[in-house]
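> sharing a sequence plus its predicted fold:
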Amino acid sequence: MIDLILAIVFVLVAPVIGALVAGVDRKVTAHMQGRVGPSILQPFWDVGKLFEKEKAVVNETQIFYAVCYLVFMVFTGALFFAGGDLLLVIFALTLSQVFLALGAFAAYSPYSYVGAERELLQIMAYEPMVILTAVGMFVATQSFNVSDIIATKVPVVLVIPGIFLGFVYILTIKLRKSPFDISTSHHAHQEIVKGVTTEFSGPTLALIEVTHWYETVLLLGILFLFFGWNPLLAVIAIIVLYLLEILIDNTNARVRWQFAVKSAWLVALIVGIINLAALYFLSGGVP
Amino acid sequence: MISTGGYLVQLTQLLVFLILFPLIAAFFLLIARKDIEREWIVKLSTLAIGIVSVFLLITTFDKGTLLEYGVPAEPTGLIMFIIEILIAIYILYLGIVHRKWLVVGLILVQSVMMLYFELVYAHSVHVQANLFIDEFSNIMALIIGIIGCLICLYSIGYMKSFHEHHPEMKDRRPWFFCIIFLFLSGMFGLVFSNNLVWVYFFWEITTLCSFLLIGYTKTEEATNNAFLALWMNLLGGVAFVGAILYLAMFAGGVMGLDALISTGSVIALVPAALIGFAGLTKAAQLPFSAWLVGAMVAPTPVSALLHSSTMVKAGVYIMVRFAPVFDSTMTGYLIAMVGALTFLIASGIAISQSNAKRVLAYSTIANLGLIVACAGIGTYEAIWAAILLIVFHAIAKSLLFLATGTVEHRIKSREIDDMNGLIVRMPKIAAMMVIGIAGMFLLPFGMLISKWAAIRAFIDAPYGFLFIIILAFGSALTLFFWTKWMGKIIAVTSDSTNIEGEVDKSEWTALVSLAGLTFITTLVFPLLSTKLLEPFLLANYGNIAQISQDNIIIMILMLFLIMVMPLSILLPRRKHRHLDPYMCGRPTTQDMRFSGSMGVQKKTVLANYYLDTWFGEKKLKTLGIWICSAMIIIMIASAVLFGVFL
């Protein structure tokens, strides 16, 4: 069931795709703001430059946490693309996220500390919906294995439309897009100090950027699962949804964390109960 | 089970040894006055108990359920009854002296019911086998024998420094150790008893022990909290006697756990509901959570003992035992819902708590809620998850309590915000604490495997989606309060120095063993599952639950990754330039002081988020108490209605 080759392909190719997505993101964003924008290869140059910078840290443990963040993100993605268990993927993803927060805590600086707390709020906001997504996939396809979910002939998105909408809602948080970029933002205009990544610099910050690339590919992969029965439709859906995220990003100002958490929970609660209950009763009480 | 007579005799001896030996140790601890004597009695007897509980596993391995006929019912039952009366008189006396009329009332009701049973029905009750052992009892015995004993070992060092720190308190250590060993004896009795009347006897012993231990310091707060624990548990005790009486009156005196469970929900539902209620009180589920939080006033080993290997585990043990009766009944679902809501609400309250021990208390209540939810659902998958939760929770939680206790004596505080930069100040103890916290909620460790198992169990359960939604939200809350605590510990503060010094040997042994167990149990979890849990499930449910081979390999891989990563510190590396944290351009000194307004030097202080407006204890608890009380009332009513109609 676990396909090692796909896992290796993910490890090698995902950062390239992730960086290109980031490049396109910046280009489209620039056009939306009436700018020309950088080349779509710009993320590569940025990270390359970061790697060449001096290694400056507040303390060494930060590097350890950043490396763990990267390693477990790669592990999670590899597990997902190799066709592993979706619940396991989600828990491994959480582990990776926790390492980023720990890295920010470890610096013991006011800004990164607040950033870490806000990062945790963010995790707390999307976590229920992520778990419900995995459960929804199971209810739709009778399997937690990504390899089975992808091979199914069931139009997953039509079986769990509510959960799909819920996932799209928290995708904004996960991609750190405005209005929910409450712990750190990609945009300079959103904040003066860079939240959770404040105390990371040079090569360490580069590691975190690379981790974001991996994470983006993983998240798009989960989106793909909703349309797994029709790959072409899946690719179109992913492109449309990502463009939608960029549009939301550029047309909304950051909200307070209270709103982010409350709304994410409310969405998870409503779609979770309605969608899962409907499936439960339609199938005659047998889940 | 066909076995040779000699083998069964040996087994009976083992069980009786585990129940009686701690009593003998308790007696000697009561009369031992010198530190050195006490130290050796504790060391040797914990070693003996630990070895025998492992030996018990080896002898009964692969043999399924074994009923013991060796211990005669009659003289033993009479002795138990006399002890019960003596306990009742003692509690009655204390209740009157302290003017706790609720306790007095409850103990009177309970004693009268028990007397009535003994005088009218006792002779008509016939239980073939009074003791028994199966895989689940074996697991419980290991938890009591190993974790319980490690906590006893830890107490040697802790109680010594406890009295050094609190010279105003009377040193009653002989009494303390005596009660702790009595507690172990009661727990062993509880998990080996097949006769429900015996289970009840040991149940009351644990209630009494916890009451005495909580009140150990004799301060006003301790005494009040001890009585709080007492009346709540006595209420459960009344329900337990109610179940026994019901069985004697309407069910022809069936008192064997084996017989009761195999009859299913036809006659056992009412007693199961009553015993389930007793379990809810003992497992500190809402609305009875207050006693476990109040128990925090006791010395830390007591909290560790109550939370991990004894007391609350007795509550969930009995519920898991009765789980086959709960399966697909209204009563079962309502109990499960009480558990699930307790999980959600207690996890929320834990966010708002700044006191480390209170966070641990609420996290225990939450995890017990999850176990209760699994037991109430009662399918084979749910029971699998429940037993895993019992095992892993016991290990990680005892480690956390003991580490917190050791830290508390050094920094003179239980506040999490005072644990700032613990990794610099006390690296070894901090590492233990981090392992404990990781063991509670992060992936390759046991608790998360169990939560995963719980999700799978809920999916297949009727109305499971409700439980899944509650679990999803509860897990998110759990993640928040654990990570922020961990962040406090691992923050590298520039102005601190290492003040760890020598940790007491007995404390250190317990901490390292428990940290080691956290890793080892995660590693041997597949073995635990196939060799102990699967036979148990197969015998009781005719079905087994497991995690696929692939996932086990992946998790072991992750465990190794987690273990290898910290070693990277040992790698030679180029020197990095160190910069001060960003302070918004203010001139800052090395120890994070900056000049504030009016030229005052201020120290940077960072504190966690507690989100009190959302997760305030008072608000959530009141809500939980109302909802859960309503559910419990409906639960009892539905069981009684069911019992009347059939």
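Arrived safely, thanks for sending.
> got the CA coordinates for stretch B:262-277 in PDB?
What follows is stretch B:262-277, C-alpha atoms only, in PDB (Å, rounded to 0.1, in the frame of the first residue of the first chain):
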ATOM      1  CA  SER B 262     -22.500 -13.000  29.800                       C
ATOM      2  CA  THR B 263     -26.200 -12.400  30.600                       C
ATOM      3  CA  GLY B 264     -26.100  -9.200  28.700                       C
ATOM      4  CA  SER B 265     -28.300  -6.300  29.100                       C
ATOM      5  CA  VAL B 266     -31.400  -8.200  30.100                       C
ATOM      6  CA  ILE B 267     -30.900  -8.400  33.800                       C
ATOM      7  CA  ALA B 268     -27.600  -6.500  34.100                       C
ATOM      8  CA  LEU B 269     -28.600  -3.200  32.700                       C
ATOM      9  CA  VAL B 270     -30.000  -1.600  35.900                       C
ATOM     10  CA  PRO B 271     -27.000  -2.700  38.000                       C
ATOM     11  CA  ALA B 272     -24.700  -1.700  35.200                       C
ATOM     12  CA  ALA B 273     -26.300   1.700  35.100                       C
ATOM     13  CA  LEU B 274     -25.900   2.100  38.800                       C
ATOM     14  CA  ILE B 275     -22.300   0.800  38.800                       C
ATOM     15  CA  GLY B 276     -21.700   3.100  35.800                       C
ATOM     16  CA  PHE B 277     -22.900   6.000  37.900                       C
END
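> can you list the buried residues in it?
Buried residues in stretch B:262-277, counted by 16 or more other C-beta atoms under 10 Å in any protein chain shown: B:265, B:267-277. Every C-beta, even on glycine, is put in place using the N, C-alpha and C of the backbone.
> in the chain, where is pLDDT below threshold?
All of this is about chain A. Chain A contains residues with pLDDT under 70 at A:1-2, A:190, A:192, A:284-287.
> sorry, should have said chain B
Residue ranges of chain B with pLDDT under 70: B:1-6, B:264-266, B:569-574, B:645-646.
> residue 230: neighbouring residues, count only.
Looking at chain A here, since you left the chain open. Close neighbours of residue A:230, defined as other C-beta atoms under 10 Å in any protein chain shown, add up to 13.
> ah, I was thinking of chain B
Using other C-beta under 10 Å, residue B:230 has 27 neighbouring residues.
> helix or strand right after whatever helix or strand it lives in?
Assigning secondary structure by DSSP states H and E places residue B:230 in helix B:220-250. Downstream of helix B:220-250, the first helix or strand assigned by DSSP H and E is helix B:257-263.
> distance from the chain centre to that next one, please.
26 Å (C-alpha atoms, centre = their mean, to the nearest Å).
> other SSEs contacting it?
Helix B:257-263 sits against helix B:196-214, helix B:265-282, helix B:323-326, with contacts defined as 3 or more C-beta pairs under 8 Å, 6 or more residues apart in numbering or on different chains; DSSP states H and E.
> what residues does the last one touch?
Just to be clear, that refers to helix B:323-326. B:260-261, B:264-265, B:268-269, B:272, B:276, B:319, B:332, B:335-336, B:375-378, B:382-383, B:386, B:540-541 (C-beta atoms under 8 Å, 6 or more residues apart in numbering or on different chains).
> which of those are buried?
Burial by neighbour count, judged by 16+ other C-beta under 10 Å, picks out B:260-261, B:265, B:268-269, B:272, B:276, B:319, B:332, B:335-336, B:375-378, B:382-383, B:386, B:540-541 from the contacts of helix B:323-326.
> circling back to that earlier point, identify, from the buried residues of stretch B:262-277, the entry nearest to chain A.
residue B:265 (19.1 Å; C-beta to the nearest C-beta).
> can you report how many residues lie near residue B:74?
Using other C-beta under 10 Å, residue B:74 has 9 neighbouring residues.
> and the one 4 residues further on, by the same measure?
If you count neighbours by other C-beta under 10 Å, residue B:78 ends up with 12.
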